[in-house]
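Asks: Need a 3D model of the following:
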Amino acid sequence: MPDGRLKNSIRNTVSGITSRMVTIFFPFIIRTVIIKKIGMDYAGLNGLFSSVLMMLSISELGFGSALVYSMYKPIAEADTEKVCALLNLYKKIYHIVGCVILALGLAILPFVRSFINGEVPADINVYELYLIFLLNTVIGYFMFSYKSGLLTASQREDISNWIIICVNLAMYASQLLVLCLWKNYMVYVSVSPVFTVVTNLVRSFVVDRVYPQYRCRGSVEKNELKGIYKNVIALIGERIGGTVLLSTDTIVISSFLGLTAVACYNNYYMIISAVRNLVMVIFDSIRPSVGNSMVTESLEKNYRDFCRISSLFVWISGFCSISMMCLFQPFMRIWVGEEYLLSAATVIMFGVYFFGWKMLDVLTLYRDAAGMWWYGKSRPYIVSVLNIIGDILFVRFFGLDGVVFATLFTSVCMSYPWLLGILFKRYFKDRPWDYLKRLALQCGVVVVAGVLTYFLCYRVVAGYSFVKFVIRIVICAVVPNLIFMCTIGRNKDVHELISKLTRGRV
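Replies: So this is what the prediction gives:
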């Protein structure tokens, strides 16, 4: 890797990890203050409206990703005029997207109350609260957020990350001050749009200083537009599928079970998302190397690498999933209290869901690197529709457990074999039976490690206290990793991959 790209990769990785740590730690503290100071229902409102607005953001439809992708080559070739034309198109599209989200958001406004089953806190006007969330969502589309694409395409996401880190720290401090001094949820929510404006103004100023040659002018050629629109069409399904799976669960839970159930669900899901974001740092570090390898190396070499990466993430995902199953309940008892615990069955499903989610990420890593978005383009739509139907059907009979099961089944049990078949048929040109045998054996090891760790945590270390929680952490850190080291870790391919990762190569 050339020195410039290596330097950018290191800067992006350091700033990315720092940004993720900030956006994990401080929202956790703020959520804790909301629950302790003003109540669980307020935390439920936060999760509900965030999910509703995430659904509306589907209208972005991957234009941002497609346009950033189209900037890589002209920036590398110093084609200033083409970059300016793309930036101008980016700006126009984002203005249109902002108008669409605003219009859809206002159209939903009269029906906002129907998303909530049961009572709303007496001091909350749900319509005003929703409008604040809507404003915070759309404001970036009209205020220079398109300029962030320049930083991404120039491999200088570290600049954007440090801006976000600094502004977010100020925002989190302001929100904590509001919650602790006035305990006013409406004022707390109103802080976010202010700092969204600040983020976009600062980013715009910095981008103009770093890249003074790039301004919104000119137009994109028709052939270029066709390529962008083709990439957008390929990305639409993925955008819709990912958003629906993340958002509909919260909306269904609120509509059928109420705000407290939403808050309890989001307490667990917040931890799952935090762990996933940390694991994604490893994915981000190997993504460029995988893409380069798939272009320059043989199928045999790429298949070996695929198996190595899969084995490594069986280990990582297995450890994380087992730890979640064993530590979720004692941690929630300490954090929010026993009355807000979900069932043991839900916790186990969360663990299985996380494991399947990460193994699915391995497939999407190779699918994206091979540019095979077009194949299986119907999958996100089918999975999304079935997930919505499953959520609504199962929540009536099984409550929150039914929603989690529906998402687990549709997003993992359906998507995994579908994507696996596409990858092996279209890229590896082979049947996946050998790989599946290897994966089944490794999953068997994960199950054995999980059962043993769970037994030690809940039978040998019975009862709940902070000291016993620490003992359980030690058990989760030692037992599964020791088993994985003696089984999966004995494979020389895994040893070689870990060695390459530590040297920044794959």
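Asks: Model confidence at the nearest residue to Pro121 once chain neighbours are set aside, what's the number?
Replies: Excluding its sequence neighbours, the residue lying closest to Pro121 (Cβ to Cβ, 6 or more residues apart in numbering) is Asp41, at 5.4 Å. The way it works is simple: take the backbone N, C-alpha and C, and place the C-beta from them, glycine included. We note a pLDDT of 94 for Asp41 in this prediction.
Asks: Quickly find the element holding Asp41.
Replies: Assigned by DSSP states H and E, Asp41 falls within helix 40-56.
Asks: ok, then the element right after that helix?
Replies: Following helix 40-56 in sequence, per DSSP H and E, is helix 63-76.
Asks: can you give me how far the helix or strand following that following helix is from the chain middle?
Replies: Remark: after helix 63-76, the chain's next helix or strand is helix 80-108, criterion DSSP H and E. Its chain's C-alpha centre and that of helix 80-108 lie 23 Å apart, by Cα atoms, centre = their mean, to the nearest Å.
Asks: Check stretch 420-432 too.
Replies: Offset of stretch 420-432 from its chain centre (Cα atoms, centre = their mean): 26 Å.
Asks: Could you pull up the contacting residues of Leu278?
Replies: Residues counted as contacts of Leu278 (Cβ atoms under 8 Å, 6 or more residues apart in numbering) are Arg20, Ile24.
Asks: what angle do the strand or helix carrying it and helix 40-56 make?
Replies: Under the criterion of DSSP H and E, Leu278 resides in helix 259-296. Helix 259-296 runs at 40 degrees relative to helix 40-56, counting by axes from the mean of the first three to the mean of the last three Cα atoms, to 10 degrees.
Asks: tell me the mean pLDDT over helix 259-296?
Replies: What helix 259-296 shows for mean pLDDT is 85.
Asks: I'd like to check the angle between the helix or strand just after that helix and helix 259-296, please.
Replies: Of the helices and strands lying after helix 259-296 in sequence (DSSP H and E), the nearest is helix 299-335. Counting by the same axes, to 10 degrees, helix 299-335 points 160 degrees away from the direction of helix 259-296.
Asks: What is the following helix or strand past helix 299-335 packed up against?
Replies: Downstream of helix 299-335, the next assigned helix or strand under DSSP H and E is helix 344-369. Helices and strands touching helix 344-369, by 3 or more Cβ pairs under 8 Å, 6 or more residues apart in numbering; DSSP states H and E, are helix 259-296, helix 299-335, helix 400-408, helix 415-423, helix 433-455.
Asks: And helix 344-369, what's buried?
Replies: Buried positions in helix 344-369, judged by neighbour count with 16 or more other Cβ atoms under 10 Å: 346-360, 362-363, 365-367, 369.
Asks: could I have the helix or strand just after it exported to PDB, CA atoms only?
Replies: Using DSSP H and E, the next helix or strand after helix 344-369 towards the C-terminus is helix 379-398. Provided in PDB are the C-alpha atoms of helix 379-398 (Å, rounded to 0.1, in the frame of the first residue of the first chain):
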ATOM      1  CA  ARG A 379     -34.000 -10.400  -1.600                       C
ATOM      2  CA  PRO A 380     -34.200  -7.100   0.500                       C
ATOM      3  CA  TYR A 381     -37.800  -6.500  -0.700                       C
ATOM      4  CA  ILE A 382     -39.000 -10.000   0.100                       C
ATOM      5  CA  VAL A 383     -37.200 -10.100   3.500                       C
ATOM      6  CA  SER A 384     -38.500  -6.700   4.400                       C
ATOM      7  CA  VAL A 385     -42.100  -7.600   3.600                       C
ATOM      8  CA  LEU A 386     -41.900 -10.900   5.400                       C
ATOM      9  CA  ASN A 387     -40.300  -9.200   8.400                       C
ATOM     10  CA  ILE A 388     -43.200  -6.600   8.600                       C
ATOM     11  CA  ILE A 389     -45.800  -9.400   8.300                       C
ATOM     12  CA  GLY A 390     -44.000 -11.600  10.900                       C
ATOM     13  CA  ASP A 391     -43.700  -8.700  13.300                       C
ATOM     14  CA  ILE A 392     -47.400  -7.800  13.200                       C
ATOM     15  CA  LEU A 393     -48.500 -11.500  13.300                       C
ATOM     16  CA  PHE A 394     -46.200 -12.700  16.100                       C
ATOM     17  CA  VAL A 395     -46.500  -9.700  18.300                       C
ATOM     18  CA  ARG A 396     -50.200 -10.500  18.800                       C
ATOM     19  CA  PHE A 397     -49.500 -14.000  20.100                       C
ATOM     20  CA  PHE A 398     -46.000 -13.800  21.600                       C
END
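Asks: So what angle separates the directions of helix 379-398 and helix 415-423?
Replies: Relative orientation of helix 379-398 and helix 415-423, computed by the same axes, to 10 degrees: 170 degrees.
Asks: quick one: buried residues of helix 379-398?
Replies: For helix 379-398, the buried set under the neighbour-count rule, 16+ other Cβ under 10 Å, comprises Arg379, Pro380, Ile382, Val383, Ser384, Asn387, Ile388, Gly390, Asp391, Ile392, Phe394, Val395.
Asks: Next: stretch 180-192.
Replies: Buried residues in stretch 180-192, counted by 16+ other Cβ under 10 Å: Lys183, Tyr185, Tyr188, Val189, Ser190, Val191, Ser192.
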